[in-house]
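Trainee: Generate a structure from the sequence data that follows.
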Amino acid sequence: MPRPRKFDESAVLEAARDQFWSAGYAGTTMDAVAAATELGKGSLYGAFGGKQELFHRVFDDYCAQAVQGVGRQLEGPDDRAFERLAAHVRGIAASTAADTAHRGCLLAKGTAELAEHDPAVAARALRTFDEIERLLVADVEACQRHGDLDPAADPRRLAGLVLAVLRGIEALGKAGKDEEFLHSVAETALSVLPRP
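Mentor: Predicted coordinates:
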């Protein structure tokens, strides 16, 4: 009979996530994960499998939390849809500017590093971007219903533009662009959305 686990799985996954997030997949060894989690490698392998399986679990959890976070930020009544959209765009610029370690987003980092060679990462990243786009489309449609955005505009194209701008802000911030620049990109993106 297997022995019961004597560790907090969520705390272990959080420590492993932070290790992958800081050092990247290639820069992370199972020794480093063991040190970060304070578990022996045997316990890690027994509970989560190898490095790739552990990263997949961490990446999947991170992506799910990212979608849930965007959903919480964008859900609400139509009369505040544009306010929520603007707050979301400005919030990404602010959090990116505050990331002085330039860790960036684990979704972006994992996708850039692994999607070419890891079909599971590529599929999860695409699904995450699709889910975020769907949330943005719903908010844009709410803006249109309330009269804040041109009802004749294609909501999917506008959502795609916003998604691309947000990903760009994160990449530019990781490269070291300053806070003023990131905020100016956010404000410009909001100003070019078609008003009625």
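Trainee: where does this protein have low pLDDT?
Mentor: Low-confidence segments of the chain (pLDDT under 70): 1-6.
Trainee: buried stuff in stretch 26-36?
Mentor: Within stretch 26-36, the residues scored as buried using 16 or more other C-beta atoms under 10 Å are 28, 32-34, 36. The way it works is simple: take the backbone N, C-alpha and C, and place the C-beta from them, glycine included.
Trainee: what does stretch 142-156 give?
Mentor: Taking 16+ other C-beta under 10 Å as the criterion, stretch 142-156 shows 142-144, 146, 148-149, 153, 155 as buried.
Trainee: List the residues that contact residue 159.
Mentor: Residues in contact with residue 159 (C-beta atoms under 8 Å, 6 or more residues apart in numbering) are 133, 136-137, 139-140.
Trainee: let's go with 7 Å and repeat that
Mentor: For residue 159, the contact set (C-beta atoms under 7 Å, 6 or more residues apart in numbering) comprises 133, 136-137, 140.
Trainee: which of the residues you listed lies closest to residue 165?
Mentor: Nearest to residue 165 out of the contacts of residue 159 is residue 136 (C-beta to C-beta; 10.6 Å).
Trainee: what's the closest non-adjacent residue to that closest one?
Mentor: Spatial nearest neighbour of residue 136, chain neighbours left out: residue 159 (3.6 Å); criterion: C-beta to C-beta, 6 or more residues apart in numbering.
Trainee: Residue 99 against residue 172, yeah?
Mentor: No: with contact defined as C-beta atoms under 7 Å, residue 99 does not count as touching residue 172 (11.6 Å).
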